[in-house]
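A.B. asks: my questions concern the predicted model and sequence given below.
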Amino acid sequence: MSELPNPANFEAASAVVRPEDIREQFVVGPDPQAYAERVRTYAEAGFDHLVPTVTPDHAQSSKARHGPRCGEADVAPRVRPVRRRRT
C-alpha cells in the first residue's frame with residue numbers, strides 16, 4: 001500500500017503495527033549515539049542531506065517517556081567524516 005487516501009485507511013493499515021516494529025525501522029529514544037550510527041549508514045551510502053523529524057502529535061508524550069530529546073549538537077560530534085568512494 002503506497003498511498004493511503006484518508007485517515008480511516010491509515011488507521012486500518014497501522015492497526016497491526018507494534019511499538020517494536022517502529023523501533024526496528026527508526027531510531028527512537030534519547031541516545032545520541034544511536035542516531036549517529038544511523039546517520040553514518042546513510043552517509044556511507046552517499047547521502048549528504050538528512051532531515052530528521054519528530055511527529056508533532058507525539059513530541060510531548062515522547063519527551064515525557066524519554067526525557068529531553070537529543071539534537072544536532074548531541075549527534076554531530078559523534079559522526080565521523082565519511083570518505084566518499086570515487087566512481
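C.D. replies: Looks like it arrived, so ask away.

A.B. asks: what's the mean pLDDT across the lengthiest helix in the chain?
C.D. replies: Longest helix in the chain, counting residues (DSSP state H): helix 32-44. Average pLDDT, helix 32-44: 89.

A.B. asks: go through that helix and flag the buried ones.
C.D. replies: Residues P32, Y35, A36, R38, V39, A43 are the ones in helix 32-44 that count as buried (16 or more other C-beta atoms under 10 Å). The way it works is simple: take the backbone N, C-alpha and C, and place the C-beta from them, glycine included.

A.B. asks: closest one of those to N9?
C.D. replies: N9 has its nearest neighbour among those in R38, at 28.9 Å by C-beta to C-beta.

A.B. asks: worst mean pLDDT across the helices and strands of this structure, which element?
C.D. replies: One helix or strand of the chain scores below all others by mean pLDDT, DSSP states H and E: helix 56-66, with a mean of 56.

A.B. asks: quick check: next helix or strand after that one?
C.D. replies: helix 72-75 (DSSP states H and E).

A.B. asks: who does that following helix touch, helix- and strand-wise?
C.D. replies: helix 32-44 (3 or more C-beta pairs under 8 Å, 6 or more residues apart in numbering; DSSP states H and E).

A.B. asks: against which helices or strands is the helix it packs on packed?
C.D. replies: Counting contacts by 3+ C-beta pairs under 8 Å, 6+ apart, helix 32-44 packs against helix 72-75.

A.B. asks: quick check: the farthest pair among the buried residues of helix 32-44?
C.D. replies: P32 and A43 (15.6 Å).

A.B. asks: separation between H49 and V28?
C.D. replies: Relative to V28, H49 is positioned 22 Å away (C-beta to C-beta, to the nearest Å).
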